[in-house]
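**Q** Quick one: sequence and predicted model below, then my questions.
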Amino acid sequence: MRGLAVFISDIRNCKSKEAEIKRINKELANIRSKFKGDKALDGYSKKKYVCKLLFIFLLGHDIDFGHMEAVNLLSSNKYTEKQIGYLFISVLVNSNSDLISLINNAIKNDLSSRNPTFMNLALHCIANVGSREMAEAFAAEVPRILVAGDTMDSVKQSAALCLLRLNTTSPDLVPMGEWTARVVHLLNDQHLGVVTAATSLITTLAQKSPEDFKTSVSLAVARLSRIVSSASTDLQDYTYYFVAAPWLSVKLLRLLQCYPPPEDGAIRGRLTECLETILNKAQEPPKSKKVQHSNAKNAVLFEAISLIIHHDSEPTLLVRACNQLGQFLQHRETNLRYLALESMCTLASSEFSHEAVKTHIETVINALKSERDVSVRQRAVDLLYAMCDRSNAKQIVAEMLSYLETADYSIREEIVLKVAILAEKYAVDYTWYVDTILNLIRFAGDYVSDEVWYRVIQIVINRDEVQGYAAKTVFEALQAPACHENLVKVGGYILGEFGNLIAGDSRSSPLIQFDLLHSKFHLCSVPTRALLLSAYIKFINLFPEVKGTIQEVLRSDSQLRNADVELQQRAVEYLRLSCIASTDILATVLEEMPPFPERESSILAKLKKKKGPGNLHPDLDENRKERSVNGGTVAASPTPSTDLLGLGSTIATQNSAPPVSKGTSLLVDVFSENIIPDMRCLPLAPFPSRFVCKNNGVLYENQLLQIGLKSEFRQNLGRMYVFFGNKTSTQFMNFAASVFILCIPADPTVDGGAQLQQILNIECVSDFVDAPVLNIQFRYGGTLQNIAVKLPITLNKFFQPTEMTSQDFFQRWKQLGAPQQEVQKIFKAKNSMDTEVTKAKIMGFGAALLDGVDPNPSNFVGAGVIHTKTTQVGCLLRLEPNTQAQMYRLTLRTSRDTVSQRLCDLLSEQF
């Protein structure tokens, strides 16, 4: 097409953007005049002009004409003209176009033409557009073409891939019927291109309906056997750099991972032979030095190893796979080292290959120290964690601690969590556990989360034999000139509870202990100071001789007049307690913390949340068959004994589960937030407070599921779009969502990486306090998951802004002057007191922001009306900031007292 070539040349020769736009506008005017002219255009001219429009569109310019001419090209009998028509439609026509019915008719004509070239073009167009409308029109027709006996091989390939695309975009519209049994037999097709396309389709459909495609296992094994055992000359057209049909082999191996090991002994034996042959070929000298050869060969090998790991039933194959991966650990290719470490992490979870993995410990440690690529070092850490057991725990923990000093900042937190878990899990000597955690704090204090130091305190309290050692060790650690704040927290708690166990030594007398702790006081944050004050009052009970010294500290102006309310209150209350309480009362109030009940480690729960459930290896010691870490969970309400350091405040009181057996773990945890293993029963999750002034965002997220919201409200009505996103690569089964007892219609399956949308229609009948609860239930990997989360439907969502003049506002303000109509709250600012942010939050809350109404320009005044089905409630608000004191005073007046209180509670939480 000479005209198209000239036009493209002109565009390339343009010296500026303006010149390009001028040339394009000139061409568009010319094309428009040709299309509207009296003279009918022939097929060649239409094709040329449509090509130009397509090129202009690809340059980033909008095209608003020429669609009908492109549709007309579909009726041509010439391949080049029809091809351009389909190309234009695939790129420019959307599913809402008025031309979609004409396009569908043209596609149907081509599909029934039996011309393989035209059928391929039509199938490619269906797949490229992939809209729901296309699926509705052709989801039944494409399978018929795929399994028809007279369909050409090239058309079968296109039909299989087209059906795969439709199943991805609209799985509910792809019918399962007679064709499913027939499509499985395409694995026996003589044309390997057809087999490759069919394998991709069957793998996807098998994940959706495993039973319907169970017969594919035997056919896949037979086809894989023929490929693996054949000479390269037998598959000359499908040999890639001396590797026979590598991509088909990978797809067949991936298909077999959808099912357990074959029950039929003959099929299972044949599959084992195939896997052994693949492992044997990996040991052979390379037939080519080119990277394409090694890539293809290794692709098949790693997929075969994945299948061996998936079946987890052949000890010989598992050990051979481990040895093969061990050879890759020192390979010069970085990607191979990474993949080998990643696969060995999974192998370490198998009871058959765990010992074989442990033989490579020195190589992995060396990789941790010398590897340049941080991602490979991270996989080495994962593998050390996975291969750890009682026989090598101390060595692995020591190596991880040594590496922690020079580790990349991006993975330090994860290493800290893993060291803490391993030290806890395999602690036979609890003095070693205490030393390990204190070293963690020394080396990487900034990355030691609260869960870690909570845990060491919990262990010490539950183990009488380690309490004296812990007190002595933290006392010595605190004598360093510079201590991390987490070490001060641990020291404050342990010395406050067990400082009496080392007080007999003159080097650690009560006064020396107190002076040591108090020397750190001024360097710490407010929460740590609060903890130290609690430790001081515990000292008064343990050591009456230091009572006067501690009372002087509590009586000082820096404590009694502290700007922080919490510190001030603690100082006042502890001072009064020490002055008026008798010795017996003090001993009762300040007695030692009792042992904590057992539950799952909160550190392990944090690592699960960070890494996802698939990355944690099961217990591989005496409990290997149960594959559990710390077993079940116990949640208990706080004991009457006083936990003045506040650590017991995180105990959850709902969703309790049976206690664990004594054999699972000696360690206990009351500091977790009731996170139960495998997320089988999650506590009710509150919605983030930002949703009070915001209608869109992510409501809830864990390693499996993300719930997003988009909502709109008008008067007493609202509509909420709820998006459920599957973050995994595994399909969710039996998916159901409900609010109260109303079940939201939902697709029972959510594919890996897919998103499901549901719409809630909302009506406010009367004013309310509690938000409705969204309950989600689904099966992931055979495990039932339950999630309950509050929806951000609050009273202010039905707030309609009202504009008022200054005179009208204060007149209405006086009318709402009854005591029950006003609620006032004075509170400390949680965030920076930024004027623009405050304005945005008040408007986001739903009120109209009234400028120039309040005599004080720094105050904020708002007005609006709460709409319910039965009534309307007028609302006025006034927010007075005090930037010097970092305080706010919020006043709300409404015609209904319950509304005033609720709105005040909601709005005050935003500042």
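**A** Noted; the coordinates are in hand.
**Q** Hmm, Lys839 is touching Leu850, no?
**A** No. With contact defined as C-beta atoms under 8 Å, Lys839 does not reach Leu850; the gap is 11.2 Å. Every C-beta, even on glycine, is put in place using the N, C-alpha and C of the backbone.
**Q** So for these two, which residue has more residues nearby?
**A** Shown here are Lys839 and Leu850; by other C-beta atoms under 10 Å, Leu850 has more neighbours (23 against 14).
**Q** so where do the strands sit in the stretch 101-250 of the chain?
**A** 239-240, 243-244 (DSSP state E, counting those that start in this stretch).
**Q** err, the stretch 701-850 of the chain, not the other one
**A** With strands called from DSSP E, counting those that start in this stretch, the stretch 701-850 of the chain shows them at 705-714, 717-726, 733-739, 742-744, 755-763, 773-780, 783-790, 799-801, 822-828, 848-849.
**Q** least reliable of those strands going by mean pLDDT?
**A** Out of those, the stretch the model trusts least by mean pLDDT is strand 742-744, with a mean of 58.
**Q** Of all the strands of the stretch 701-850 of the chain, which one comes closest to Arg889?
**A** Smallest distance to Arg889 across the strands of the stretch 701-850 of the chain (C-beta to C-beta): 4.9 Å, for strand 822-828.
**Q** Alpha carbons only: can I get the closest one in CSV?
**A** Only the C-alpha atoms of strand 822-828 are listed here, as CSV (Å, rounded to 0.1, in the frame of the first residue of the first chain):
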residue,chain,number,x,y,z
GLU,A,822,-25.2,19.2,72.7
VAL,A,823,-22.2,17.0,73.0
GLN,A,824,-18.7,18.4,73.6
LYS,A,825,-15.4,16.6,73.6
ILE,A,826,-11.9,17.9,74.4
PHE,A,827,-9.1,15.6,73.1
LYS,A,828,-5.4,15.6,72.2
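**Q** What pairs with that strand, parallel or antiparallel?
**A** Strand 822-828 sits in its sheet next to strand 887-894 (antiparallel), going by DSSP bridges.
**Q** Next secondary structure element downstream of the strand it pairs with?
**A** Using DSSP states H and E, the helix or strand that directly follows strand 887-894 along the chain is helix 897-908.
**Q** which SS class is Val853?
**A** Following DSSP: H, G, I helix; E, B strand; the rest coil, we place Val853 in the coil state.
**Q** my read: Ser306 touches Leu255, true?
**A** No. Counting by C-beta under 8 Å, Ser306 does not reach Leu255; the two are 12.0 Å apart.
**Q** Could you give the average pLDDT over stretch 359-373?
**A** In this model, stretch 359-373 has an average pLDDT of 89.
**Q** Backbone torsions only: list them for the residue nearest to the spatial centre of the chain.
**A** Nearest to the mean C-alpha position of the chain, by C-alpha atoms, centre = their mean, lies Gln703 at 3.8 Å. Backbone geometry at Gln703, expressed as degrees, to the nearest 10, gives phi -70, psi -10.
**Q** Please verify my assumption that it contacts Lys727.
**A** Yes. Using C-beta under 8 Å, Gln703 is in contact with Lys727, at 6.7 Å.
**Q** Please convert the strands of the stretch 101-250 of the chain to CSV, extending it with mean pLDDT.
**A** Compiled in CSV, the strands of the stretch 101-250 of the chain are given as follows (pLDDT from 0 to 100):
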stretch, mean pLDDT
strand 239-240, 86
strand 243-244, 88
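**Q** what would those look like in JSON lines with distance to Gly753 and mean neighbour count?
**A** Below are the strands of the stretch 101-250 of the chain laid out as JSON lines (distance: least, C-beta to C-beta, whole Å; neighbours: other C-beta atoms under 10 Å):
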{"stretch": "strand 239-240", "distance to Gly753": "28", "mean neighbour count": "17"}
{"stretch": "strand 243-244", "distance to Gly753": "29", "mean neighbour count": "24"}
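**Q** any chance of these in a markdown table, plus distance to Val71?
**A** Shown next, in a markdown table, are those (distance: least, C-beta to C-beta, whole Å):
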| stretch | distance to Val71 |
| --- | --- |
| strand 239-240 | 40 |
| strand 243-244 | 45 |
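**Q** Quickly find the element holding Val698.
**A** For Val698, the host element (DSSP H and E) is strand 696-701.
**Q** so how far is that strand off the chain centroid?
**A** Remark: strand 696-701 is offset 12 Å from the chain centroid, using C-alpha atoms, centre = their mean, to the nearest Å.
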